[in-house]
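*Asks:* pasting the structure only:
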Ligand SMILES: Nc1ncnc2c1ncn2[C@@H]1O[C@H](COP(=O)(O)OP(=O)(O)O)[C@@H](O)[C@H]1O
Ligand SMILES: [Mg+2]
């Protein structure tokens, strides 16, 4: 049976009248890359702090690596690494000295320090800059540095709190590779807070979706897509010159479907929100406008669809507009 490295039961944390984490029960297994998805203020960072014993819960129980963080904080933190949302690095120190300093703080045995520091500098592509001050590093290098520092004591679990939120696409991709390495090559469990669905879909073996402190769904990305991504997603290929017309036709259909162009000039149009029973009518409507169709394929629902469906449910329940749908499109364009 897989080892449960993180288990929470009915976890609650309030700040005054605000319930930041509301009855959270999750289980994470060794080797998972667990995506913790949610809008700003959903309760992700608070959860990370609870799991590391930096905050105490108001109620509910937590076990991380078999320990209660509230009573075994130091022992636990010796086996976890946390990359906070805005990691502070000392610009005056070199990369190598920073890592040595953290090796010291985390009690890495002296005989192992040099090897571990060299290993991390190499893994993070910083070997040649090891003796340069961090003050001269780019944003991407700084984040690689912060991630290397998080791994100095070879923790069993790493918590990464929105590790790519401030990075450009190239640096984002590098950090994604490093997260993959930490998981597959080094066998660590990863707890990844993100509001970037593409990141979650690319990296995570399991995801949980959080809104206003409450767990909305948990499972593998494909399980969630099957369970919650009910609407049909189609890819339709038309002549590149007819893409705009196709978009107009689809937008004019009665089901509120959305059509987006996959790559400019490609002729491939992504359509979301057509009920399966209405697909023939949609195709007929395109043909009736003289649009030549080369291919229609059904695509699996994505984490994005799940996320929107769940957010819409929450919004409907609360009688508000859907929350935090905004960051998603830009990420898609820059990363894909
Ligand atoms: N130290 C704090 N004091 C008061 N309120 C807080 C504190 N930390 C977080 N909160 C509140 O708790 C909620 C969850 O915040 P947070 O866990 O930071 O969300 P996320 O990381 O998902 O953006 C928010 O409403 C936030 O304002
Ligand atoms: Mg946060």
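*Replies:* Here it is on my side, so go on. Remember, it's a predicted structure, so these values are computed and weren't measured experimentally. Ligands and ions are numbered 1, 2, ... in the order given.
*Asks:* strands along the stretch 51-200 of the chain, start to end?
*Replies:* All strands of the stretch 51-200 of the chain, identified by DSSP state E, counting those that start in this stretch, fall at 59-64, 80-83, 157-161, 189-194.
*Asks:* element containing residue 272, please.
*Replies:* Assigned by DSSP states H and E, residue 272 belongs to strand 268-274.
*Asks:* give me the sheet partners of that strand and which way each runs.
*Replies:* Strands that pair with strand 268-274, judged by DSSP bridges, come out as strand 232-238 (antiparallel), strand 258-261 (antiparallel).
*Asks:* just to revisit the earlier point, and the strands of the stretch 51-200 of the chain: which comes nearest residue 259?
*Replies:* Minimum separation from residue 259 across those (Cβ to Cβ) falls at strand 189-194, 27.0 Å. The way it works is simple: take the backbone N, C-alpha and C, and place the C-beta from them, glycine included.
*Asks:* and the angle for that closest one with strand 59-64?
*Replies:* Between strand 189-194 and strand 59-64, the angle comes out at 130 degrees (axes from the mean of the first three to the mean of the last three Cα atoms, to 10 degrees).
*Asks:* could you list the paired strands of strand 189-194 along with their orientation?
*Replies:* strand 33-38 (parallel), strand 157-161 (parallel).
*Asks:* for the stretch 51-200 of the chain, just list every one of the helices.
*Replies:* Remark: helices assigned in the stretch 51-200 of the chain by DSSP state H, counting those that start in this stretch are 73-77, 95-105, 110-123, 139-150, 169-184, 197-203.
*Asks:* neighbours of the closest residue to residue 314 other than its chain neighbours, how many?
*Replies:* Of all residues not flanking residue 314 in the chain, residue 211 sits nearest, at 4.9 Å (Cβ to Cβ, 6 or more residues apart in numbering). Residues near residue 211, counting by other Cβ atoms under 10 Å, number 25.
*Asks:* mind checking pLDDT for residue 211?
*Replies:* pLDDT, residue 211: 91.
*Asks:* which residues does it bridge with?
*Replies:* Note on residue 211: beta-bridge partners by DSSP bridges are residue 214.
*Asks:* contacts only, for residue 120.
*Replies:* Taking Cβ atoms under 8 Å, 6 or more residues apart in numbering, we find residue 120 in contact with 99, 126, 148, 151, 152.
*Asks:* check those against ligand 1 and report the nearest one.
*Replies:* residue 151 (21.9 Å; Cβ to the nearest ligand atom).
*Asks:* in contact with the closest one, which residues?
*Replies:* Contacts of residue 151 by Cβ under 8 Å, 6+ apart are 81, 120, 158, 182, 186, 188.
*Asks:* how near is the residue of the chain found nearest ligand 2 to residue 60?
*Replies:* Closest contact between the chain and ligand 2, by Cβ to the ion, is at residue 45 (3.2 Å). Separation of residue 45 from residue 60 (Cβ to Cβ, to the nearest Å) stands at 17 Å.
*Asks:* just to revisit the earlier point, before we move on, what SS does the residue of the chain closest to ligand 2 have?
*Replies:* When classified by DSSP: H, G, I helix; E, B strand; the rest coil, residue 45 comes out as helix.
*Asks:* what is the burial count for it?
*Replies:* Quick note: residue 45 (other Cβ under 10 Å) scores 20 neighbours.
*Asks:* assign residue 42 to helix, strand or coil.
*Replies:* Classification of residue 42 using three-state DSSP returns coil.
*Asks:* show me what contacts it?
*Replies:* Residues in contact with residue 42 (Cβ under 8 Å, 6+ apart) are 210, 211, 212, 213, 324.
*Asks:* now do 10 Å
*Replies:* By Cβ atoms under 10 Å, 6 or more residues apart in numbering, the contact set of residue 42 is 20-21, 36, 193, 195, 209-214, 216, 323-324.
*Asks:* any idea which of those is closest to residue 85?
*Replies:* residue 193 (8.2 Å).
*Asks:* so what's the closest one scoring on pLDDT?
*Replies:* With respect to pLDDT, residue 193 has a value of 97.
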